[in-house]
Every structure is written in C-alpha cells, then in structure tokens.
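J.: this one's sequence-less:
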C-alpha cells in the first residue's frame, strides 16, 4: 500500500510541475544562456547570408533555401573539425547544388560561414556521365544516365559547364578537377608525333606549359574520364579539345602480370586495350588530381 501511495505522490508532483520546477531552478540559467547563444548564432548566419543575397540580387522567394544551407553549414562547423568538417560541408554543398541553387552563391556562402581561408569543395563528388542517351535495353547506361553531368549539353560545340576553357591552351574538367592540354599535338615535338610509352612519360614530365611544370602522363582511369560516348570519331567534345580523331593515346598504367604492356585508349570510340610499351602512340598531358 505504501509503495502505491509513494507512486501516487510522485505522479501528482509531476502533474503540478513541482519536479520540473526544481530542475529548471537548478539549470534554468544555463539553458537560457544556451538558448540565447543558439539564437544569436542563427541571427548572425541570417545576416551574413542576407547580405550576400542582396548583393547578388537573388529572388526573395529563394532566400529561405540559401538561409537553410547557411544554417546547415554552421551546424557542421560546430560539430566537426578539420578534414571531416570539409567532407560534411561538401556533401551538404552537393545536395543544395542538385536542388538547383546557384553554384557561385553557394561558394560565397561557404566562404563566409566556414571562415577564411575558404576551402572550396573539390569538383565533382562522383564519376562523370558517359554521355550516352540512347536506351538500347532497359536498365542500360542510356536508360539511367548515371554520373555527374554539370548541365552538360548534348549538342556538339555548344560548350558546357563540364569543361572550362582557361584561355591559355588548357582546359579544366570541372567533374574531376584535372587540367588538360587542349591540343597536345599543338605543343610541337615530341607531342606532334607518336612515341613509345616511356618517351610519352618523359615528354610529359619535362613539359613546361601555360605556367605549369607539373604535367604528367595520365593513368588509364583519368584519361578515360575525358572521353564522351555521346560523340564518336573522336569520342570527345571537339569544342574544347583537338585530338587525333581515330588514333590511340597512352596511359601511364602498366598491365599487371605483363609489365611490357601498358593500357591505352583509342579516340575513335573510347576503346580501352593494351599494347607493348615499345609501340608508338600519342601523349595527352594532364596535371592536378588527388595524391
């Protein structure tokens, strides 16, 4: 009977608020301080984002989307540190970019919220789209069209946000972050002729072009991302690149088990195969990329 009475008293105490009142009396000041701090942080974020949106002339109807992005970044900054912080920020960035928000404005918000030095997200966040659009069979590449498109137009020569012409004979792939020589043969000797595998590596290593001296021969995965199955003969966007239409380019990747062979790709239909390293093919210099 006594235990039943005690439970009744405790229940009644909860109903009339006496238990909660005692807790609030002990922790009220701390909770109020945390609440004021949280509100203050949100107000600062809103002011920062609002000032950016006003300068950029963003439609008021879109303001709350950018505000939410800024608040998400602030929470990430408060939760993570170092590399993981930027990893989470880049994931969040990608989500809002896919929703159609302006990339330049997102960049400005990142730089203002995350504090300088601004560490922009690496381009991409996924594999590049192959460019294939025809559905040959349900579930095939053309059916799903997976991969990073970056609003890539299919019309040849229309240009795209996938590639950036840097105006110095180089082109940056915004999907991978790699920088390529736009017209390798235009560099002159030894790039204006076919050369053996080791010579292709040496030529790229010795290249000093457009103010950069860290050029190299791309590996097979890197050079293959450059080709686009939406084109043929050559399978590449000729608006940005000038290549040998029906010829082969070396990669720096050796065939495991047969070290006298290396991987190469044919520009006609972007076909990957291997050849003896003494065979003469073209070199396509690249720079950048993750270590």
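T.: Happy to help now that I have it. Quick caveat, the model's predicted, so the values are computed rather than measured.

J.: distance of the residue lying closest to residue 200 once chain neighbours are set aside relative to residue 206?
T.: Counting by CB to CB, 6 or more residues apart in numbering, residue 200 lies nearest to residue 283, which is 3.9 Å off, once chain neighbours are set aside. (Glycine included, C-beta is placed from N, CA and C.) Between residue 283 and residue 206 the computed distance is 11 Å (CB to CB, to the nearest Å).

J.: what about residue 286, how many neighbours?
T.: Using other CB atoms under 10 Å, residue 286 has 25 neighbouring residues.

J.: which residues does it contact?
T.: Applying CB atoms under 8 Å, 6 or more residues apart in numbering to residue 286 gives the contacts 178-181, 204, 215-218, 222-223.

J.: from the residues you listed, which is closest to residue 250?
T.: Comparing the contacts of residue 286 against residue 250 with CB to CB places residue 217 closest, at 6.2 Å.

J.: so that closest one touches residue 287, yeah?
T.: No: contact criterion CB atoms under 8 Å: residue 217 and residue 287 do not qualify, at 10.8 Å.

J.: which one of the two has more residues nearby?
T.: Higher neighbour count among residue 217 and residue 287: residue 217, with 25 against 20, using other CB under 10 Å.

J.: quick check: phi and psi on that one?
T.: Here is the backbone geometry of residue 217 (degrees, to the nearest 10): phi -80, psi 130.

J.: gap between it and residue 166?
T.: From residue 217 to residue 166 the distance is 20 Å (CB to CB).

J.: neighbour count winner among residue 283 and residue 206?
T.: Neighbours per residue (other CB under 10 Å) separate residue 283 from residue 206, with residue 283 holding more: 29 against 10.

J.: for residue 281, which non-adjacent residue is closest in space?
T.: Leaving aside its chain neighbours, residue 281 sits nearest to residue 248 (4.5 Å; criterion: CB to CB, 6+ apart).

J.: that older thread, what's near enough to touch the residue nearest to residue 200?
T.: Contact criterion CB under 8 Å, 6+ apart gives 184, 190-191, 195, 200, 203-204, 217, 249-250 as the residues in contact with residue 283.

J.: which two in these are spaced the farthest apart?
T.: Greatest spacing in those, by CB to CB: 190 and 249 (14.0 Å).

J.: more neighbours, those two?
T.: In terms of neighbours (other CB under 10 Å), residue 249 is the more surrounded of residue 190 and residue 249; the figures are 22 against 16.

J.: can you list contacts of the helix or strand containing the more buried one?
T.: For residue 249, the host element (DSSP states H and E) is strand 248-254. For strand 248-254, the surrounding residues in contact (CB under 8 Å, 6+ apart) are 197, 200-201, 216-223, 243, 261-267, 275, 277, 281-284.

J.: mind running it again at 7 Å?
T.: Strand 248-254 is contacted by residues 197, 200-201, 217-220, 223, 262-267, 281-284 when judged by CB atoms under 7 Å, 6 or more residues apart in numbering.

J.: next: stretch 269-277.
T.: By CB under 7 Å, 6+ apart, stretch 269-277 touches 196-198, 220, 224, 227, 229, 232, 235, 255, 260-265.

J.: buried residues in stretch 239-251?
T.: Within stretch 239-251, the residues that count as buried by 16 or more other CB atoms under 10 Å are 239-241, 243-244, 248-251.

J.: cool, stretch 127-138 as well?
T.: Of the residues in stretch 127-138, 128-132 count as buried by neighbour count, 16+ other CB under 10 Å.

J.: redo these as TSV? Include secondary structure and pLDDT.
T.: Below are the buried residues of stretch 127-138 laid out as TSV (DSSP: H, G, I helix; E, B strand; the rest coil; pLDDT from 0 to 100):
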residue	secondary structure	pLDDT
128	strand	77
129	coil	76
130	coil	80
131	coil	78
132	coil	80
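
J.: dump the residues you listed into CSV; add distance to residue 75 as well.
T.: Formatted as CSV, the buried residues of stretch 127-138 follow (distance: CB to CB, whole Å):
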residue, distance to residue 75
128, 31
129, 32
130, 36
131, 37
132, 39
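
J.: which of these sits closest to residue 138?
T.: Of all these, residue 138 sits closest to residue 132, with 14.3 Å by CB to CB.

J.: next up, the contacts around that closest one.
T.: By CB under 7 Å, 6+ apart, residue 132 lies in contact with 141-142, 229-230.
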